[in-house]
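Peer 1: requesting a structural model of the entry that follows:
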Amino acid sequence: MRVSEHVHPVSSRPTAADVALPPALPYPDGWSALAFSAELPPGTVLTRQLAGEDVVLYRPRNGRLRAIRPYCPHLGAHLGLASVEGNDLVCPFHRFAFDTDGRCVRTGYGTPPPKAALTQLPVREVNETVFVWRHHAGREPYWEIPVWHRLGGRPLRYTSFEMPGYAQDVMENSFDLGHFVTLHGWPQGELARPVEFDGTGFHISMRVLETFPLLGTRQVDVEVDGYGLTALHTDVRTPSLGLEMCSLVMATQVAPGRMQLRQASRFVMNEPDSLPPVIARALSRAMTRLLAAPMFKYSLEFTSADFPIWSTKRYVSPPRLAAGDGPIGAMRHWARQFYPPDQHAHLPEAAPPADGNCQGSPGGEAAPNGTRPEDPDKTPSGAAQG
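Peer 2: Numbers count the residues shown, from 1 in each chain. Just a heads-up that it's a prediction; the model follows:
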């Protein structure tokens, strides 16, 4: 029997959250990753989405990356269709050309160019990734993505995904200690010390037990640095095996309830102290080349275990937290700074568990001297002791 191409099998899968649910969170302010540097060699023009709008990225021949609003100031052609000629971006409609400062420098007719310019957006190229700044009120960048260490000398491995979900969920994942055991299968995972919040960033240290094929259960040290609702940098070290991997996970809100996720990593096998230096160096290089691809695949599989959850979950606020969850409430309180102030009423704090045993930062974590930090909003937050 021939079936029409317009007919599809009946699905029993959960409905994607961006279809099933109304938008739950506004677009966050700050930097957002839109590409990897390797995707933009000189002469390239790319169109990427950010907060419901197109952004055009292009690299002139001089290598100076540019991010602009997408429509030509002449008659509105989309500049994602433009070409790079030398250091100029040339609109395909009437061949008006714009220099690297965004000024119109010639027309396609040989007539004097009008006083017109492209609208340029703040852009940074950090850690082989392209970040574009967006702020709901047009505020200029007031924090930066730091340069992280380069682990080893191998090329960066990277990939990108698009799915329903929120950038905040990706960042919140690092605070959700419980799900590392229940979803990811760690035999044990705990905070090595309280979470540290510092302005627009945070730091998490974890001690983890992980089971390796043929090698048994080993301690793994995990250090996570977060910046805005933008990027996670994770250092994973297994001292007993000499393994070290650093990963970048970056979520970008492209539409209501929809995000793009970019992940990159480098891996190195450290030189064994027990061997002569020449042999240790050769073994380290050989094992790093051999294991780099499998370790990247493992890293992606670990992250992708969350994809079905992020894609179908509802943002619950306030959540009913329990002992063992980790400092989710503190994270949500910290995250409020990245949303427009008039949206705060729609972002209620996480409710502390019944036992009142809270940890975390603003309003939930004891400061190093044992006192509680001042909470500017006087709103309780925090989560159960993990």
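Peer 1: which stretches in the stretch 1-150 of the chain count as strands?
Peer 2: In the stretch 1-150 of the chain, the strands defined using DSSP state E, counting those that start in this stretch lie at 30-36, 45-50, 53-58, 66-68, 83-85, 88-90, 97-98, 104-106, 123-126, 129-134.
Peer 1: buried ones in the longest one?
Peer 2: Just to be clear, that refers to strand 30-36. 30-36 (16 or more other Cβ atoms under 10 Å). Any C-beta I mention is one placed from the backbone N, CA and C, and that applies to glycine too.
Peer 1: tell me the spacing between the residue lying closest to Gly86 once chain neighbours are set aside and Met171.
Peer 2: Leaving aside its chain neighbours, Gly86 sits nearest to Arg61 (5.5 Å; criterion: Cβ to Cβ, 6 or more residues apart in numbering). In this view, Arg61 and Met171 are 37 Å apart by Cβ to Cβ, to the nearest Å.
Peer 1: those two: which is more packed in?
Peer 2: Met171 (25 against 13; other Cβ atoms under 10 Å).
Peer 1: what about the more buried one, is that helix, strand or coil?
Peer 2: Counting by DSSP: H, G, I helix; E, B strand; the rest coil, the backbone at Met171 sits in helix.
Peer 1: OK, contacts around it?
Peer 2: 226, 229, 232, 251, 331, 335 (Cβ atoms under 8 Å, 6 or more residues apart in numbering).
Peer 1: let me see the ranges of the strands in the stretch 201-350 of the chain.
Peer 2: 201-212, 216-227, 231-238, 243-255, 258-269.
Peer 1: what about the residue nearest to Arg69 when sequence neighbours are not counted, neighbour count?
Peer 2: Counting by Cβ to Cβ, 6+ apart, Thr119 is the residue found nearest to Arg69 once chain neighbours are left out, at 4.1 Å. Neighbourhood size, Thr119 [other Cβ under 10 Å]: 11.
Peer 1: how about Glu39?
Peer 2: Glu39: 16 surrounding residues under other Cβ under 10 Å.
Peer 1: please apply the same query to Ser11.
Peer 2: Neighbours of Ser11 using other Cβ under 10 Å come to 7.
Peer 1: from Lys313, how far off is it?
Peer 2: In terms of Cβ to Cβ, Ser11 sits 18 Å off from Lys313.
Peer 1: any idea how far the residue nearest in space to the middle of the chain lies from Gly30?
Peer 2: Nearest to the mean C-alpha position of the chain, counting by Cα atoms, centre = their mean, stands Met250 at 1.5 Å. Taking Cβ to Cβ as the criterion, Met250 is separated from Gly30 by 11 Å.
Peer 1: shared neighbours of these two, anything?
Peer 2: Here Met250 and Gly30 have Thr230 as joint contacts, going by Cβ under 8 Å, 6+ apart.
Peer 1: report the residue ranges of every domain in this structure.
Peer 2: Using automatic domain parsing, the domains assigned to the chain come out as 21-134, 157-312, 328-384.
Peer 1: what lies in contact with stretch 283-296?
Peer 2: Under Cβ under 8 Å, 6+ apart, the answer for stretch 283-296 is 152, 154, 157, 242-243, 245, 265-272, 275.
Peer 1: min pLDDT across these, which one?
Peer 2: Ranked by pLDDT, the contacts of stretch 283-296 bottom out at Gly152, which scores 66.
Peer 1: sorry, back to before: do you know which of the strands of the stretch 201-350 of the chain lies nearest Asp54?
Peer 2: When the strands of the stretch 201-350 of the chain are compared by Cβ to Cβ, strand 243-255 sits nearest Asp54, at 10.0 Å.
Peer 1: now do that closest one against strand 201-212, angle only.
Peer 2: 120 degrees (axes from the mean of the first three to the mean of the last three Cα atoms, to 10 degrees).
Peer 1: what is strand 243-255 packed up against?
Peer 2: strand 30-36, strand 45-50, helix 167-172, strand 231-238, strand 258-269, helix 277-304 (3 or more Cβ pairs under 8 Å, 6 or more residues apart in numbering; DSSP states H and E).
Peer 1: for it, the distance to its chain's centre please.
Peer 2: 5 Å (Cα atoms, centre = their mean, to the nearest Å).
Peer 1: so what are the sheet partners of it and their directions?
Peer 2: Take DSSP bridges as the rule and strand 243-255 pairs in its sheet with strand 231-238 (antiparallel), strand 258-269 (antiparallel).
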